[in-house]
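Engineer: with the sequence up front, the predicted model follows.
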Amino acid sequence: MMLEGMRERNESFELVYTRIAGAPPLDDHAAAEEWRASGCGTRVRLREAGGARDCSAVDTCAAGGWFVRWAARRACAEDELAVLATPPGWLARKLLLANPYPILQPAGRYCGSSG
């Protein structure tokens, strides 16, 4: 929804996200936070400006340094979430509405509580 609005207004933007491999630990909040902060997976970078789109993906789990991974980047697949059109139907839009979970360093509570 947000990307659709930005595209309609012809705004320039860059979006970077990582689809982290595996599943987070369900019973340990600290371990789940560590999984989010240090997990590897597919990092997607989408840039749109003036109607032009550049989308690339790289496997951050691959062996080698950043340059090796950068050199192995590839174009995004057609079914990558960031390049898909608006999901059809109200149910799909409700189910696919994302609420991003920021990675906070150091891991811990940041909701204003004292505990």
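Structural biologist: Now that the structure is in, tell me what you want to look at.

Engineer: next, the residue nearest the centre of the chain: phi, psi?
Structural biologist: Residue closest to the average C-alpha location in the chain (C-alpha atoms, centre = their mean): residue 17, at 2.4 Å. Main-chain dihedrals, residue 17, degrees, to the nearest 10: phi -150, psi 160.

Engineer: beta partners for it?
Structural biologist: residue 44 (DSSP bridges).

Engineer: surely it is in contact with residue 41?
Structural biologist: No: counting by C-beta atoms under 8 Å, residue 17 sits too far from residue 41 to count as a contact (9.7 Å). C-beta coordinates here come from the backbone N, C-alpha and C atoms, glycine included.

Engineer: quick check: the gap between residue 16 and residue 44.
Structural biologist: Distance, residue 16 to residue 44, using C-beta to C-beta, to the nearest Å: 7 Å.

Engineer: what about the residue nearest to residue 50 when sequence neighbours are not counted, neighbour count?
Structural biologist: Leaving aside its chain neighbours, residue 50 sits nearest to residue 12 (7.0 Å; criterion: C-beta to C-beta, 6 or more residues apart in numbering). Neighbourhood size, residue 12 [other C-beta atoms under 10 Å]: 11.

Engineer: swap in residue 10?
Structural biologist: Neighbours of residue 10 under the rule other C-beta under 10 Å: 10.

Engineer: cool, residue 56 as well?
Structural biologist: For residue 56, the neighbour count with other C-beta under 10 Å is 14.

Engineer: if we can go back for a sec, neighbour count for residue 16 and residue 44, which is higher?
Structural biologist: residue 44 (20 against 10).

Engineer: where does the prediction get shaky in the protein?
Structural biologist: 1, 86-115 (pLDDT under 70).

Engineer: 80 instead, please
Structural biologist: Applying pLDDT under 80 to the chain flags the ranges 1-2, 4, 24-25, 63-71, 85-115.

Engineer: off-centre distance for the longest helix seen in it?
Structural biologist: For the chain, the longest helix by residue count, based on DSSP state H, is helix 29-38. Its chain's average C-alpha position is 16 Å from that of helix 29-38, according to C-alpha atoms, centre = their mean, to the nearest Å.

Engineer: with stretch 47-56 instead?
Structural biologist: Between the centre of stretch 47-56 and the centre of its chain there are 16 Å (C-alpha atoms, centre = their mean).

Engineer: sweet, I'm off.
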